[in-house]
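*Asks:* Starting from these lines, generate the structure:
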Amino acid sequence: MKLWTDEVEAMRAEARAAVDESLPPIMAMMGASDQSAPAVTLTRDEQVARARTAMELAYLPSPDAVVRDIAGVPCRVFTPDGPATAIYLHFHGGGMMIGAPEMSDSSNVDLRDRFDVAVVSADYRLAPEHPHPAGPDDGVAVADWLLENGEREFGSSRLMLGGESAGGYMAAIVLLRIRDELHAADRVDGANLVFGVYDWGRSPSQRGVRPTTGLDLLDPVGIQFFTDCYLPGLTDDERRDPSVSPAFADLTNLAPALMSVGTSDHLLDDTLMLSARWAAAGNEVELLVLPEMPHGFMAIPCGLTSLWTKRTYEWFADILARAH
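*Replies:* Residues are numbered from 1 along each chain as shown. Now for the predicted structure:
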């Protein structure tokens, strides 16, 4: 079984060099330059506050955003000039502990402009103040509202879901709950799941067992910290309950998915497991594995990220071209 083509393999050396050059300053900016030495002198809340402040450096708010309350959840909304071809419900990353929709404004504006989709990016509640299931509850509430009101508000009843990192998790768990609680799985056209966390019991790669030793924004200590914030007081086995970890859920009757991850990502195994089980359950899935690429790989300019961007656009175009 080959996880990538010869064309991708030929880009590997360039990708490794690009990561080594580009990632250290990003890690320093995010306060992650020394992954082996966590700030043990800080309290949990102090560590959370420091991480949130660092993440704010990645916010690039767009003036195109309209902030709306949807089902009690603040959302940043981007609408095309005319009726939308679909509604893309987006979830930002940040380990269910940090981050905000503003960090994805540029990519959400790009999707709107490229495909005439309406993008709704949910500012769901975060741990530790709001542990599981607060965030997913917010996501389901927004999805339910969009299914009921999307045609009237945006000119389309088509719904797609997606997100990066914790946002990929949110998209997957919300899709499962749309199927099980709203009984509307057939109304979701596609799921764009980018290096999400799908095993909250900490997969092997989350624990540090990776096929490469490349630099990564994540590390086992940090993963354990945001896991404990989001799912306090639970064992690893309890965190693998299907209502918490999508990789352990019944995955039948789900939308076509595009799943992307890099081999240096500490969440690699989560995507490998979820994609295989997604396909085995009879769903359509495309898996993009990028050798040498870390968590957050879209910030690394190289041939592999260009290829990923191109394929992601092609996937959106394909889903939107299908009869609804």
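*Asks:* Low-confidence regions, the stretch 1-150 of the chain specifically.
*Replies:* The stretch 1-150 of the chain contains residues with pLDDT under 70 at 32-40.
*Asks:* which stretches of it form helices?
*Replies:* 6-10, 12-29, 44-55, 105-115, 134-154 (DSSP state H, counting those that start in this stretch).
*Asks:* Skip ahead from the last one and say which helix or strand is next.
*Replies:* Toward the C-terminus, helix 134-154 is succeeded by strand 159-164 as the next helix or strand (DSSP states H and E).
*Asks:* any idea of the angle that next one forms with helix 134-154?
*Replies:* If you take axes from the mean of the first three to the mean of the last three C-alpha atoms, to 10 degrees, strand 159-164 sits at 140 degrees to helix 134-154.
*Asks:* Quick check: buried residues in strand 159-164?
*Replies:* 159, 160, 161, 162, 163, 164 (16 or more other C-beta atoms under 10 Å). All C-beta atoms are positioned from the backbone trio N, CA, C, and that covers glycine.
*Asks:* what helices or strands is that strand leaning on?
*Replies:* Here strand 159-164 touches strand 87-91, helix 134-154, helix 166-180, strand 188-194, going by 3 or more C-beta pairs under 8 Å, 6 or more residues apart in numbering; DSSP states H and E.
*Asks:* Which stretch among the ones you listed is buried most, on average?
*Replies:* Highest mean neighbour count among those (mean count of other C-beta atoms under 10 Å): strand 87-91, with a mean of 29.
*Asks:* Quick one: residues in contact with that strand.
*Replies:* Strand 87-91 is contacted by residues 101, 104, 108, 111, 117-122, 124, 139, 142-143, 146, 150, 154, 156, 158-163, 166-168, 170-171, 174 when judged by C-beta atoms under 8 Å, 6 or more residues apart in numbering.
*Asks:* which of the buried residues of strand 159-164 lies closest to residue 191?
*Replies:* residue 161 (4.9 Å; C-beta to C-beta).
*Asks:* Can you give me the end-to-end span of stretch 250-265?
*Replies:* By C-alpha to C-alpha, to the nearest Å, the extent of stretch 250-265 from end to end equals 25 Å.
*Asks:* Save the helices of the stretch 1-150 of the chain as CSV, and put in distance to residue 254 too.
*Replies:* Output for the helices of the stretch 1-150 of the chain, formatted as CSV (distance: least, C-beta to C-beta, whole Å):
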stretch, distance to residue 254
helix 6-10, 26
helix 12-29, 31
helix 44-55, 30
helix 105-115, 21
helix 134-154, 14
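*Asks:* give me the element residue 286 is part of.
*Replies:* Going by DSSP H and E, residue 286 is part of strand 285-290.
*Asks:* Beyond that strand, next helix or strand please.
*Replies:* Note on strand 285-290: by DSSP H and E, the next helix or strand toward the C-terminus is helix 303-321.
*Asks:* list the helices and strands that next one packs on?
*Replies:* If you count contacts as 3+ C-beta pairs under 8 Å, 6+ apart, helix 303-321 packs onto helix 6-10, helix 12-29, helix 105-115, strand 188-194, strand 257-262, strand 285-290.
*Asks:* who's in contact with residue 101?
*Replies:* By C-beta under 8 Å, 6+ apart, the residues touching residue 101 are 65, 75, 76, 90, 92, 108, 121, 122, 123.
*Asks:* Going by distance to residue 235, which of those wins?
*Replies:* Set against residue 235, the nearest of those by C-beta to C-beta is residue 92 (28.2 Å).
*Asks:* Count the residues that sit near the closest one.
*Replies:* Other residues within reach of residue 92, judged by other C-beta atoms under 10 Å, total 26.
*Asks:* got the buried residues of strand 159-164 as a markdown table, with pLDDT columns?
*Replies:* Listed next are the buried residues of strand 159-164 as a markdown table, based on pLDDT from 0 to 100:
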| residue | pLDDT |
| --- | --- |
| 159 | 98 |
| 160 | 98 |
| 161 | 98 |
| 162 | 98 |
| 163 | 98 |
| 164 | 98 |
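*Asks:* coming back round to it: wait, which of the contacts of residue 101 is closest to residue 135?
*Replies:* Ranking these by separation from residue 135, with C-beta to C-beta as the measure, puts residue 122 on top at 9.0 Å.
*Asks:* Now do the closest one: how many residues are near it, please.
*Replies:* 27.
*Asks:* now it, which residues is it bridged with?
*Replies:* For residue 122, the beta-bridge partners under DSSP bridges are residue 75, residue 91.
*Asks:* Contacts only, for it.
*Replies:* By C-beta under 8 Å, 6+ apart, the residues touching residue 122 are 70, 73, 74, 75, 89, 90, 91, 101, 138, 139, 142, 170.
*Asks:* could you measure the first one against residue 48, distance?
*Replies:* Residue 70 sits 26 Å away from residue 48 when distances are taken as C-beta to C-beta, to the nearest Å.
*Asks:* what do you get for residue 259?
*Replies:* Residue 259 is 29 Å from residue 48, by C-beta to C-beta.
*Asks:* What of residue 175?
*Replies:* Separation of residue 175 from residue 48 (C-beta to C-beta): 28 Å.
*Asks:* Same check on residue 54?
*Replies:* For residue 54, the distance to residue 48 equals 11 Å [C-beta to C-beta].
*Asks:* Many thanks, have a good one.
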